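*Asks:* Just the structure for this:
(one chain, ligands or ions: 2)
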Amino acid sequence: MAVADGAKISMPPYCLNVFLTEDCNLSCSYCYIPKKPHQEEKTYPSRVIIRAIKSLIKTGCKLRNINFTGGEPLLKFNDIKKIYNAFKDRDLTKGCSFTITTNGTLLNRKVLSFIEKHKLGLTVSIDGNKKTNDLNRAPGIIGEDAGYDCVIRNLINSKLPLKANLVFSQKNFRSLPENLLHLKKLGFVSIDFWPQLFAKWTLKEITELKESFRLVEQIFSGHCSNKRVGNYLLDSIKNGEKSYKPLMCNKISLDQNGTFYCCDRVFSLKESQRKKFIIGNAKNGVDERLRKKMLDRIRMSLWRSSGKDCRVCRYAAHCFCPVGHYIYYVSNGLDFKAFFPHFCRISKLYAKFSKTALNFRAN
Ligand code: SF4
Ligand code: SF4
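*Replies:* Ligands and ions are numbered 1, 2, ... in the order given. Below is the predicted model:
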């Protein structure tokens, strides 16, 4: 039985990812943004981004979240302030939250005061304890004190309800439970943990990962201490939300030149490869019909090429969404069919994790 018919479902976007810069002061081994020389960056992107957001809202888009991301968005902190100030008192963004996803290394007192004063959401990318976190950061940069120690020092006196984004790889997934507990102990109120999905996981690794997930279920159910910790997937299921990401996407992405794209993974491509995923610009906002048509076309070719139809998959409600990976693989002439099975297997692990962790909670 079909869960939902992706080709016929229209979901107007309500989350905007603003890629303020593709530059970064770190160089994480799993980052999907290709590195490019600093001078290619726009110095002050705020004017064009403010214009683009206004145009987007004029086309009827009701935004619920604007997330500043990158690269490292705090390299453009002055632009974040300008963009936020342009919208904070207006009806245009009523009910819309503002968040920043950062590597945490540039969180000084000035930045934290601004975030605290205006109640912006803060998500820090941190992979666990010092050993794990610094494993995937470039050694040269860690030598310059931009790793775990720097992030913890920056956050130590913060009263903010901190969220963590943890990425685990084939190198460190066996210590996933230990690293989640570490972040929990540090006081993170919510932790999302993502596999390095661009990597090719072997069946053996996925079977071992399944074992690690048994402990992870207990951590999120509060069984490893009396304090429960939040998690995007669990919280959305608890709130009765089913995202059906592989069938309908609620996100759009904006770059520093005011160009809108249909998927955030487009930023894994070189600029010259991105053009066919453009859905709007700063002057006119987003062409919703074009966006829907484009995503439907991508989904149809993904299902054809993988031989799996997400519309009839019982895991679709909370799956990661393979669209972005499909865009990356196909644009780079890589074999998506070989990659797809482990993507599905890992998505299914998450579905099982959420079910068990939530049942633990209910007990
Ligand atoms: S991967 Fe899927 S859910 Fe994520 S931005 Fe792309 S289309 Fe949307
Ligand atoms: S688990 Fe696989 S088949 Fe199922 S919705 Fe996700 S990507 Fe599609």
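*Asks:* Can you read off the pLDDT for Leu74?
*Replies:* According to the prediction, Leu74 has pLDDT 96.
*Asks:* repeat for Gly121
*Replies:* According to the prediction, Gly121 has pLDDT 95.
*Asks:* List the beta-bridge partners for the nearest residue to it once chain neighbours are set aside.
*Replies:* Leaving aside its chain neighbours, Gly121 sits nearest to Thr99 (3.6 Å; criterion: CB to CB, 6 or more residues apart in numbering). Glycine gets a C-beta too; all of them are placed from N, C-alpha and C. Counting by DSSP bridges, Thr99 is bridged to Asn67, Gly121.
*Asks:* Pretty sure Arg64 is one of the things Thr99 touches, is it not?
*Replies:* No. Look at Thr99 against Arg64 with CB atoms under 8 Å: they stay out of range, at 10.8 Å.
*Asks:* what residues does the stretch 1-150 of the chain put near ligand 1?
*Replies:* Taking CB under 6 Å from any ligand atom, no part of the stretch 1-150 of the chain reaches ligand 1.
*Asks:* mind checking the SS state of the residue of the stretch 1-150 of the chain found nearest ligand 1?
*Replies:* Nearest to ligand 1 in the stretch 1-150 of the chain, going by CB to the nearest ligand atom, is Asn17, at a distance of 7.9 Å. Here Asn17 is strand, with the state taken from DSSP: H, G, I helix; E, B strand; the rest coil.
*Asks:* neighbour count winner among Thr99 and Arg64?
*Replies:* Neighbours of Thr99 and Arg64, each counted by other CB atoms under 10 Å, are more numerous for Thr99; the result is 18 against 13.
*Asks:* quick one: contacts for that one?
*Replies:* By CB atoms under 8 Å, 6 or more residues apart in numbering, the contact set of Thr99 is Asn65, Ile66, Asn67, Phe68, Leu120, Gly121, Leu122, Thr123.
*Asks:* Most neighbours among those, please name it.
*Replies:* For the contacts of Thr99, neighbours were counted using other CB under 10 Å, and Phe68 has the most, 25 neighbours in all.
*Asks:* pretty sure that one is in contact with Val111, am I right?
*Replies:* No. Using CB under 8 Å, Phe68 is not in contact with Val111; the gap is 11.7 Å.
*Asks:* Please identify the helix or strand for Cys344.
*Replies:* Cys344 belongs to helix 336-362 when elements are defined using DSSP states H and E.
*Asks:* what about that helix, near ligand 1?
*Replies:* No. Helix 336-362 lies out of reach of ligand 1 by CB under 6 Å from any ligand atom, never closer than 11.1 Å.
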